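Undergrad: model the structure of this input:
(chains A and B)
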Protein chains: 2
Amino acid sequence: MPSPFLADPRACAVWNPAKMGKATLFEGSGMLAGLNAFEPGQEHAPHSHAGVDKLYQVVEGRGEFVVGSETRLLERGALVFAPAGVPHGVRNVGEDRLLVLTVMGPPPARASAP
Amino acid sequence: MPSPFLADPRACAVWNPAKMGKATLFEGSGMLAGLNAFEPGQEHAPHSHAGVDKLYQVVEGRGEFVVGSETRLLERGALVFAPAGVPHGVRNVGEDRLLVLTVMGPPPARASAP
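TA: Next comes the predicted model:
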């Protein structure tokens, strides 16, 4: 088993000047945890996953989150929950980097559409 | 649908002088997210969940985490992943309160043992 501990997950972030960067932190049978890294202006356009819940947490920076028909500007420590099938997205509207922890349950590859 | 946004989840913590306090933040078909709150000296003794992965994140304070045979003292921002079936526990060994975000996938009530 890989180490179950990550003292500073920010060190695992992948930054990509061309588009949102993605890194996987942990994956199990029931859950996939990772980091989404947004340079200023980058976004993850609204999308949805059949049968998969997603939790976001702002690790650093400031992001505009969309879930369904609701939009909110959020900062470090905030949580966002997108239930299975509900469209959701993120945009870095600030001038600093935005780093977001993402947890998906179940991992998308294991989801069975309802 | 309840609001998908929590700007400051710490405000939802439940502190209990008798034992670890628990609060549910979000629950969906694939995931349960909540807070475990530990006064100094309180612990959640090692236990395991068949078919359920658990992710911990230290929100504030300092905790001693056990996963399988490994133990680590961790602080704010650290992540801990306990795969399904692997024993895990938490103890507040500091003098300040310890607040931990927990995510379980799938929610225990929906897990089917392997």
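Undergrad: quick check: closest non-adjacent residue to the residue in chain A positioned nearest to chain B.
TA: Nearest residue of chain A to chain B: A:G105, at 2.8 Å (CB to the nearest CB). All C-beta spots, glycine's among them, are computed from the backbone N, C-alpha and C. Nearest non-adjacent residue to A:G105, counting by CB to CB, 6 or more residues apart in numbering or on different chains: B:G105, 2.8 Å away.
Undergrad: thought the one you found was touching B:E27?
TA: No - using CB atoms under 8 Å, B:G105 is not in contact with B:E27; the gap is 11.1 Å.
Undergrad: hmm, A:F38 and A:N16 touching each other?
TA: No - with contacts counted by CB under 8 Å, A:N16 stays clear of A:F38, the gap being 9.6 Å.
Undergrad: of the two, which one has the most company?
TA: Remark: of A:N16 and A:F38, A:F38 carries more neighbours, 25 against 12, as counted by other CB atoms under 10 Å in any protein chain shown.
Undergrad: for A:E64, see how far away that one is.
TA: Per CB to CB, to the nearest Å, A:F38 is found 10 Å from A:E64.
Undergrad: can you list residues touching both of those two?
TA: Residues touching both A:F38 and A:E64 (CB atoms under 8 Å, 6 or more residues apart in numbering or on different chains) are A:90-92.
Undergrad: and A:A23, what does it touch?
TA: A:A23 touches A:12-14, A:34-35, A:37, counting by CB under 8 Å, 6+ apart.
Undergrad: any stretches of chain A with poor pLDDT?
TA: By pLDDT under 70, the weakly predicted segments of chain A are A:1, A:113-114.
Undergrad: hey, what's the spatially most central residue of chain A bridged with?
TA: Centroid check for chain A by CA atoms, centre = their mean gives A:T102 as the closest residue, at 3.3 Å. Assessed by DSSP bridges, A:T102 has beta-bridge partners A:G34, A:Y56.
Undergrad: thought it was touching A:F38?
TA: No - look at A:T102 against A:F38 with CB under 8 Å: they stay out of range, at 11.7 Å.
Undergrad: distance between stretch A:104-112 and the chain's centre?
TA: Distance of stretch A:104-112 from the chain centroid (CA atoms, centre = their mean, to the nearest Å) equals 14 Å.
Undergrad: oh, that last question was meant for stretch A:40-55, not what I typed.
TA: Per CA atoms, centre = their mean, the centroid offset for stretch A:40-55 relative to its chain is 7 Å.
Undergrad: which positions in that stretch come out as buried?
TA: A:42-44, A:49, A:51-55 (16 or more other CB atoms under 10 Å in any protein chain shown).
Undergrad: for the closest residue to A:P107 other than its chain neighbours, give me phi and psi.
TA: Spatial nearest neighbour of A:P107, chain neighbours left out: A:L32 (3.9 Å); criterion: CB to CB, 6+ apart. Main-chain dihedrals, A:L32, degrees, to the nearest 10: phi -130, psi 120.
Undergrad: tally up the residues packed near A:L32, please.
TA: A count of neighbours around A:L32, defined by other CB under 10 Å, yields 23.
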